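> sequence and predicted model, in that order:
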Amino acid sequence: MPTSSDMTTDPNAGLLDALQHQVAVFARRAEQTRLGGVGQVRNSMDRAAYLLLNRLDKEGPMGVKALAAGMGIDSSTVTRQVAPLVDTGLVKRASHPEDGRAVVLQLSPRGQARLEEVRSSRRELMALVTDDWTPEERDAFCSLLTRFNLALSGLHSTTTPTALPNDS
């Protein structure tokens with residue numbers, strides 16, 4: 001990996017500057033829209049909530065520790081982020097199927113419906129933003145963005161568990 005002093009003499013420094021700028025602009029735009037869809041505030045959802053609900057939907061009920069490990073964050077963060085989801089009925093606590101003393105978190109029917117509403121709105125937004133892209137361009141962008149997110153996640157793997165691609 002190049003050192004910071006290598007970057008100042010790197011002929012690709014201009015491209016790397018442009019890349020970091022575009023990533024920063026993307027992060028700002030994503031936060032501004034909360035990727036909530038085509039101007040539909042009702043379909044926006046906090047990033048942390050979306051990622052938690054999405055993981056529970058894809059992987060099924062699980063405990064806080066497993067959820068935290070899979071997302072590359074600590075258990076106290078998951079506990080704090082899940083609390084409002086439980087309070088609003090999007091997530092419910094249930095007994096572990098194999099150990100009734102343990103508690104697992106699972107997506108409630110209301111949470112499933114809300115998640116699908118947000119996903120649908122986000123699909124519309126992605127379709128609108130990439131309307132003039134070919135399917136191959138969409139696929140290439142998705143592949144490269146996944147690769148970029150995995151590389152970022154790998155940088156943190158020495159201090160935290162590595163997040164999976166669908167956590168980005």
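Nice, I can see it.
> low-confidence regions, this protein specifically.
For the chain, the stretches with pLDDT under 70 are 1-8, 34-43, 100, 157-168.
> mind listing the strands for it?
91-95, 103-107 (DSSP state E).
> what about the nearest residue in space to Val91 that is not next to it in sequence, how many neighbours?
Leaving aside its sequence neighbours, Val91 sits nearest to Leu85 (CB to CB, 6 or more residues apart in numbering; 4.1 Å). In this view, the C-beta of every residue, glycine as well, is placed from N, C-alpha and C. For Leu85, the count of nearby residues is 22 (other CB atoms under 10 Å).
> likewise Gly63?
As a burial measure, Gly63 scores 16 neighbours (other CB under 10 Å).
> same check, this time on Val104
By other CB under 10 Å, the residues close to Val104 number 20.
> check Thr33 too.
When neighbours are counted by other CB under 10 Å, Thr33 registers 17.
> could you find the closest non-adjacent residue to Trp133?
Computed as CB to CB, 6+ apart, the closest residue to Trp133 that is not its neighbour in sequence is Phe141, at 7.5 Å.
> burial count for Ala66?
Using other CB under 10 Å, Ala66 has 16 neighbouring residues.
> same question for the one 3 residues further on.
Residues near Ala69, counting by other CB under 10 Å, number 18.
> over to Tyr50?
Look at Tyr50: counted by other CB under 10 Å, it has 19 neighbours.
> ok, it to Ala18 distance?
Applying CB to CB, to the nearest Å, the value for Tyr50 to Ala18 is 29 Å.
> follow-up on the earlier one: and the strands of the chain, which is most packed in?
Of the strands of the chain, the one with the most neighbours on average (mean count of other CB atoms under 10 Å) is strand 103-107, at a mean of 19.
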